[in-house]
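Visitor: Here you go, sequence then predicted model.
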Amino acid sequence: MNQMTNVKLEQFPYSDAAKKALARKPALFIDGEWVESTGGATLGVVDPSSGKEISRFVDATDADVDKAVAAARRAFDDGRWSDLPPIVREQIMHKLADILEAHADELAELEAIDNGKPKGMAGAIDVPGAISMIHYMAGWATKLGGEMIEPSATPRGLFHSYVRREPIGVAAQIVPWNFPLLMAVLKISPALAAGCTVILKPAEQTSLTALRLADFIQMAGIPAGVVNIITGNGHTAGDRLVRHPDVDKVAFTGSTEIGKVINRTATDSLKRVTLELGGKSPVIVLPDVDPKVAGPGTAQAIFFNSGQVCVAGSRLYAHKSVFDSVLENFVEASSFWQPRASLDPAGHMGPLVSDEQLARVMGYIEDGKKAGASVAIGGDTPESEGGYYVNPTVLVDVKPDMRVVREEIFGPVVVAQRFDDLDEVARQANDTSFGLAAGIWTKDLSAMHKLAAKLKAGTIWGNCHAMIDPALPFGGFKESGLGREQGRQGVEAYTELKSVIIQL
Ligand code: NAI
Ligand code: MG
């Protein structure tokens with residue numbers, strides 16, 4: 001059943017621009033300058049397409065973190081950013097977006113080299129997504145406002161009262177490795193629009209584009225100290241940020257496990273917290289859909305970005321009358337997702353991000369097989385010289401209590417199941433501790449809306465998947481997160497409300 005052909009899994013040569021970025025001296029971006037770490041520790045940049053180390057970057061010390069927080073604190077407290085005319089903040093943000101656009105090709109290549117995703121995908125999705133996020137959020141700088149509300153329990157005219165909306169202050173932002181640039185930009189944009197200052201920490205697997213972003217922040221004229229970018233390990237530098245008394249808000253995207261740790265730690269000082277965490281998102285195919293549409297659509301829902309997507313459609317539920325034909329078309333579509341090196345122009349799916357992630361995903365596949373699941377396609381790794389490749393994998397004959405059905409795998413692995421009627425599939429789809437997203441494939445409008453109301457998830461897609469737009473609030477029910485990013489709610493999450501009541 002496996003449609004894969006023999007492809008040589010060898011990385012392609014890097015461009016001169018990429019080589020230059022890789023040759024940088026390890027440094028941190030603090031208070032508008034590139035500074036050396038107070039310690040000597042560095043971490044390696046590994047190209048997941050080859051498994052080779054290609055550069056080093058700083059593993060920030062506690063003293064480095066404290067320095068970055070102090071810079072962000074000063075920059076917030078003296079109003080160098082929040083007191084600017086909002087339209088000037090908006091203009092500077094648009095300028096940052098334009099600089100990203102001018103370097104789009106370089107950014108797409110760096111993302112491909114660092115994360116393993118195909119350069120074509122990074123250039124079509126990650127980089128343009130980051131640019132539109134900045135433009136969209138820039139507009140909020142001039143549109144965030146308070147409200148005039150009359151007191152309710154006093155005679156009219158005795159008091160004047162209103163509600164101000166103010167920036168929260170210093171935000172610590174910790175992002176993962178699956179969409180490094182996009183996540184970094186998604187975090188800093190609403191904070192900047194609201195007037196906050198930031199310390200951003202990229203994931204230790206993928207720091208290249210965040211460091212390049214620091215250059216662009218400098219070029220755009222964002223004042224020193226407003227955005228500080230520090231690299232390093234999560235359990236040290238990340239944890240120090242979350243505990244720091246001068247940090248007012250923590251925004252995190254990553255695993256549910258660490259999200260819970262961060263929420264607990266931040267509680268000690270009652271920091272504001274937003275969390276975007278894991279998922280096990282169901283994709284439901286109703287019997288009216290052409291399997292020639294549903295097959296490739298649901299394959300894309302799981303195999304895009306090698307399945308390393310918080311909203312990956314990792315549980316496929318097809319109506320029993322179409323299950324076999326949907327699966328047949330899904331399998332046929334899987335050859336499109338055959339793994340290739342990230343700079344191979346023919347590639348649509350790259351390797352996984354790290355050897356750790358490879359071991360994790362293969363561990364889940366083995367666990368599923370031991371528990372009685374059958375492998376319809378994939379389940380193995382292609383032959384390669386280094387590199388963390390996994391073939392697109394479909395597991396069938398699964399049971400609801402298996403770990404492969406319940407836990408986030410974060411790889412190109414889908415579990416496929418049958419269902420009988422809408423109530424049954426809604427129950428199955430909701431039988432999870434997660435609640436990030438869900439997909440419904442049908443042209444039956446009534447069934448679509450009924451299911452959309454029943455599914456417990458922050459985003460529902462109809463006849464598409466992973467359609468994410470800066471204007472729409474994004475976040476999770478249940479253990480998939482806390483709060484919302486993007487849209488009005490996303491920028492308001494960087495503000496505090498203040499009621500002012502004056503006796504006249
Ligand atoms: P992780 O949650 O440990 O790492 C994400 C970010 O958090 C990184 O920047 C890391 O440095 C930081 N971090 C880690 N421990 C921290 C701590 N104690 N305090 C503060 N910051 C900390 O995720 P990891 O280990 O890279 O991946 C493990 C699994 O997590 C994946 O297999 C996947 O299932 C899930 N994951 C989900 C993501 C999502 O978008 N929902 C993104 C990345 C991973
Ligand atoms: Mg971790």
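Guide: Thanks, I have the structure now. Fair warning: this is a prediction, and the values are worked out from it, not measured in the lab. Ligands and ions are numbered 1, 2, ... in the order given.

Visitor: wait, isn't Thr265 in contact with Arg243?
Guide: Yes - between Thr265 and Arg243 there is a contact under Cβ atoms under 8 Å: 5.9 Å. To be clear about C-beta, it is placed using only N, CA and C from the backbone, and glycine gets the same treatment.

Visitor: Within range of ligand 1, give me the residues from this protein.
Guide: Counting by Cβ under 6 Å from any ligand atom, the chain comes close to ligand 1 at 174-178, 201, 203-204, 234-235, 238-239, 242, 253-255, 258, 261-262, 277-278, 310, 357, 360, 408, 410.

Visitor: Separate out the buried members of those residues.
Guide: Neighbour counting over those (16 or more other Cβ atoms under 10 Å) leaves 174-178, 201, 203-204, 234, 238-239, 242, 253-255, 258, 261-262, 277-278, 310, 357, 408, 410 as the buried ones.

Visitor: Out of those, list just those in helices.
Guide: The helices, defined by DSSP state H, take in Asp239, Val242, Ile258, Val261, Ile262, Gln357 from those.

Visitor: Not counting sequence-adjacent ones, nearest residue to the first one?
Guide: Nearest residue to Asp239 in three dimensions, chain neighbours excluded: Thr265, at 7.0 Å (Cβ to Cβ, 6 or more residues apart in numbering).

Visitor: ok, that neighbour - contacts?
Guide: Asp239, Val242, Arg243 (Cβ atoms under 8 Å, 6 or more residues apart in numbering).

Visitor: Can you get me a residue count around the last one?
Guide: When you say that, I think you mean Arg243. Other residues within reach of Arg243, judged by other Cβ atoms under 10 Å, total 18.

Visitor: Would you mind measuring from it to Lys454?
Guide: Distance from Arg243 to Lys454, counting by Cβ to Cβ, to the nearest Å: 40 Å.

Visitor: Please apply the same query to the second one.
Guide: Taking Cβ to Cβ as the criterion, Val242 is separated from Lys454 by 36 Å.

Visitor: where does Thr197 fall, phi/psi-wise?
Guide: Note on Thr197: backbone dihedrals following degrees, to the nearest 10 are phi -110, psi 160.

Visitor: And it, how far from ligand 1?
Guide: Distance check for Thr197 against ligand 1: by Cβ to the nearest ligand atom, to the nearest Å, it reads 19 Å.

Visitor: so what's that residue bridging to?
Guide: Note on Thr197: beta-bridge partners Val170, judged by DSSP bridges.

Visitor: Need the contact partners of stretch 366-382.
Guide: Stretch 366-382 is contacted by residues 1-4, 7, 9, 327, 331, 334, 339, 358, 362, 365, 389-399, 402-404, 412-413, 415-416 when judged by Cβ under 8 Å, 6+ apart.

Visitor: With only the CA atoms kept, save that stretch in PDB.
Guide: Output of stretch 366-382 as PDB, limited to C-alpha atoms (Å, rounded to 0.1, in the frame of the first residue of the first chain):
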ATOM      1  CA  GLU A 366       5.600   1.200  18.500                       C
ATOM      2  CA  ASP A 367       3.300   1.700  21.500                       C
ATOM      3  CA  GLY A 368       0.300   1.700  19.200                       C
ATOM      4  CA  LYS A 369       1.400  -1.500  17.400                       C
ATOM      5  CA  LYS A 370       1.900  -3.200  20.700                       C
ATOM      6  CA  ALA A 371      -1.600  -2.100  21.900                       C
ATOM      7  CA  GLY A 372      -3.100  -3.800  18.800                       C
ATOM      8  CA  ALA A 373      -3.200  -1.000  16.200                       C
ATOM      9  CA  SER A 374      -2.500  -1.900  12.500                       C
ATOM     10  CA  VAL A 375      -0.300   0.200  10.300                       C
ATOM     11  CA  ALA A 376      -2.200   1.100   7.100                       C
ATOM     12  CA  ILE A 377       0.800   3.000   5.700                       C
ATOM     13  CA  GLY A 378       4.100   4.200   6.900                       C
ATOM     14  CA  GLY A 379       5.000   3.500  10.500                       C
ATOM     15  CA  ASP A 380       8.700   3.500   9.600                       C
ATOM     16  CA  THR A 381      11.600   5.900   8.700                       C
ATOM     17  CA  PRO A 382      13.000   6.200   5.200                       C
END
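
Visitor: how about it: buried residues?
Guide: Quick answer for stretch 366-382 (16+ other Cβ under 10 Å): Gly368, Ala371, Ala373, Val375, Ala376, Ile377, Gly378, Gly379, Thr381, Pro382.
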